[in-house]
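> just need the structure, nothing else, for what follows:
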Amino acid sequence: MKTTSPKICRDLIITDCTLKTRCNGIKLGTESIGDFANIRASNCKMHDIGMSGIALYAVDGAQLHDVTLTDLDMDGVTVPISIRLGARLRTFHPGDQTRPVGTLHDITIENVHATGAKQIGLLINGIPDHPVESLRLKNIDITLNGGGKITDAERSIG
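Predicted structure coming up:
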């Protein structure tokens, strides 16, 4: 789902789906001028996902909130969970006004089982003075493919 106008994307239910794509499985944003609210996804299976299984991105001023994602099985997903609050603040139509930095809050993700994750298990990004808030993660099981070296584990992340 994307919002390239100020209209809200709300009251969605996604259930009992099987997903395969080169991109993201369940994604809200990147295009995110309008808000996202009251969105539920449950009982979905994802395989061979080229990017993220779950991608929640509020980067253009949206208020992204009241999202519940439960009982999701993933296999062969590059990044199982990616959450980003950013300040790209792009507009999409002539005359659109740039919105201020949005919010990302009241998110529940539970009962996720991911095998064969290819790069990173979980990413959560906010920006200074604009944190991701009220994020509840429960019963998340992620298995990465591995293959790293000891020197990879010793790197300092700044």
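> any idea how far Met111 is from Arg155?
You called it Met, but residue 111 is Asn. Using C-beta to C-beta, to the nearest Å, one obtains 32 Å as the distance from Asn111 to Arg155. In this view, the C-beta of every residue, glycine as well, is placed from N, C-alpha and C.
> more crowded one of these two?
Asn111 (15 against 8; other C-beta atoms under 10 Å).
> pull out the buried positions in the helix or strand hosting Ser134.
Ser134 belongs to strand 133-144 when assigned by DSSP states H and E. Buried residues in strand 133-144, defined by neighbour count with 16 or more other C-beta atoms under 10 Å: 135, 140, 142.
> after it comes which helix or strand?
Next along from strand 133-144, by DSSP H and E: helix 150-154.
> which strands or helices does that following helix pack on?
The contact analysis (3 or more C-beta pairs under 8 Å, 6 or more residues apart in numbering; DSSP states H and E) places helix 150-154 against no helix or strand.
> ok, the closest residue to Ile120 other than its chain neighbours - contacts?
Nearest residue to Ile120, sequence neighbours excluded (C-beta to C-beta, 6 or more residues apart in numbering): Val79, at 4.9 Å. Applying C-beta atoms under 8 Å, 6 or more residues apart in numbering, we find Val79 in contact with 51-53, 117-123.
> just the pLDDT for Val79.
We have a pLDDT of 97 for Val79.
> that one bridge partners, please.
Beta bridges link Val79 to Ser52, judged by DSSP bridges.
> state the three-state secondary structure for Gly61.
Judged by DSSP: H, G, I helix; E, B strand; the rest coil, the three-state class of Gly61 is coil.
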